[in-house]
Every structure is written in C-alpha cells, then in structure tokens.
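Student: coordinates for the following, if possible.
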Amino acid sequence: MDPIEIVKRIKNKFPDEVLWFRCFREECDITVKKDKIREILTYLKNTPTLDFNYLIDLTAVDYLGFREPRFDVVYHLMSIKYRHRLRIKAQVPEQACCISSICDIWNTAEWFERECFDMFGIEFTGHPDLRRILMPEDWDGFPLRKDYPVFSDLADKEWSTFKELKEKAKQWKGNED
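Tutor: Residues are numbered from 1 along each chain as shown. Down below sits the predicted model:
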C-alpha cells in the first residue's frame with residue numbers, strides 16, 4: 001500500500017479530523033485536530049492492513065508568531081511489517097496547552113511525552129508520571145519554546161554541581177600548560 005492510500009483511509013475514517021496532508025518522496029504528513037488523536041493513532045496501530053506498531057518519535061514544534069494554534073505535537077510512526085512511515089501532527093493551542101497521552105498505545109510514548117512536556121510545556125492528560133525528565137524539577141520555563149530567553153541572568157544561579165565541574169575543568173585546563 002502506498003502512502004497516498006494510507007492517507008485516504010485515514011481521511012475516510014476520520015473526515016472531520018483531518019485538516020490537511022502533504023506527501024513528498026514516499027512520506028506523508030497528516031495534520032489533524034487534537035481531540036481525536038487517541039482514536040486516530042489507535043486505528044493506525046490496530047488495523048491489520050496498516051499495523052503502525054512502532055512509535056519512532058514524538059516531539060513538538062513551536063510556531064510562535066507564525067500561526068495559531070501555536071504548537072504541533074508530531075508523531076513519527078512506522079509499520080515494521082509493511083515498511084510504511086507516517087507523520088501525524090496534532091495542533092495544540094497555547095491557551096489549552098494539552099493533548100491526550102498515548103502511553104497505553106505505545107509504551108515508549110511515556111518518555112517521549114515527558115521530554116515534550118519538559119521542553120515545550122505541553123501537558124499530556126492521562127500520563128502516568130508527567131514530570132521533568134531533562135531539566136531539574138525546579139527549572140523555570142520550557143527551553144524549546146520560541147519565547148524562552150536566549151540570554152538571561154541564570155549565570156549567577158547555576159547549580160552548585162555545575163559550578164564545581166566548571167572550576168575543575170578550569171583547573172585541569174590550567175595544568176595542561
């Protein structure tokens with residue numbers, strides 16, 4: 001089955017949810033409304049002729065200043081059996097910055113969703129353990145958002161462990177001469 005046929009099947013099954021799609025070089029992107037993302041992804045995984053059994057990645061994109069809804073949550077899927085690849089994008093507005101968790105559909109989503117929450121601040125409702133995974137628990141803000149400050153006064157607020165490592169590195173570098 002070619003990628004266009006897969007897109008047609010999704011459009012036929014969820015006609016009110018598909019906003020648009022784009023295919024290029026045997027890969028397709030489908031942008032959908034976020035409300036039925038669980039149903040769409042469950043359909044893609046559990047339909048025997050599609051069998052998207054592998055969640056390659058889950059991430060987000062911030063379109064601050066370009067469009068609203070501000071965010072897309074992006075699901076990269078693959079069917080190992082049929083060697084299909086598909087990218088599903090669900091639009092998430094800034095005001096209601098949440099989308100349903102899919103941890104029970106693909107177990108690997110648990111870590112991907114935590115990373116997405118940590119970096120973009122998108123909440124995944126129904127996630128069993130939604131907390132920071134890369135940044136410290138007390139970190140303020142979401143580093144991959146476009147409005148996150150590039151320069152700040154955080155140099156004075158560095159972690160003590162990080163300061164110690166920097167000092168050791170300076171000492172070590174000084175001993176090279």
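Student: so which residues of this structure form strands?
Tutor: Ranges of strands in the chain, per DSSP state E, are 18-24, 27-33, 54-62, 71-79, 84-92, 98-100, 123-125.
Student: okay, now the closest residue to residue 133 other than its chain neighbours: neighbour count?
Tutor: Nearest residue to residue 133 in three dimensions, chain neighbours excluded: residue 114, at 4.1 Å (CB to CB, 6 or more residues apart in numbering). Every residue, glycine included, has its C-beta placed from N, CA and C. By the criterion of other CB atoms under 10 Å, residue 114 has 19 neighbours.
Student: could you do residue 74 as well?
Tutor: 17.
Student: still on that earlier bit, correct me, but the residue nearest to residue 133 touches residue 135?
Tutor: No: using CB atoms under 8 Å, residue 114 makes no contact with residue 135, being 10.8 Å away.
Student: re the thing from before, and the residue nearest to residue 133, what pLDDT?
Tutor: In this model, residue 114 is scored at 98, pLDDT.
Student: what sits against it?
Tutor: 127, 129-133 (CB atoms under 8 Å, 6 or more residues apart in numbering).
Student: rerun at 7 Å
Tutor: With contact taken as CB atoms under 7 Å, 6 or more residues apart in numbering, residue 114 is in contact with 130-131, 133.
Student: now do residue 64
Tutor: Here residue 64 is in contact with 70, 146-147 (CB under 7 Å, 6+ apart).
Student: how does it look with 10 Å?
Tutor: 70-71, 94, 145-148 (CB atoms under 10 Å, 6 or more residues apart in numbering).
Student: same thing with residue 96?
Tutor: 34, 69, 123.
Student: report the central residue of this protein.
Tutor: Taking CA atoms, centre = their mean as the criterion, residue 59 is the residue nearest the geometric centre of the chain, at 1.7 Å.
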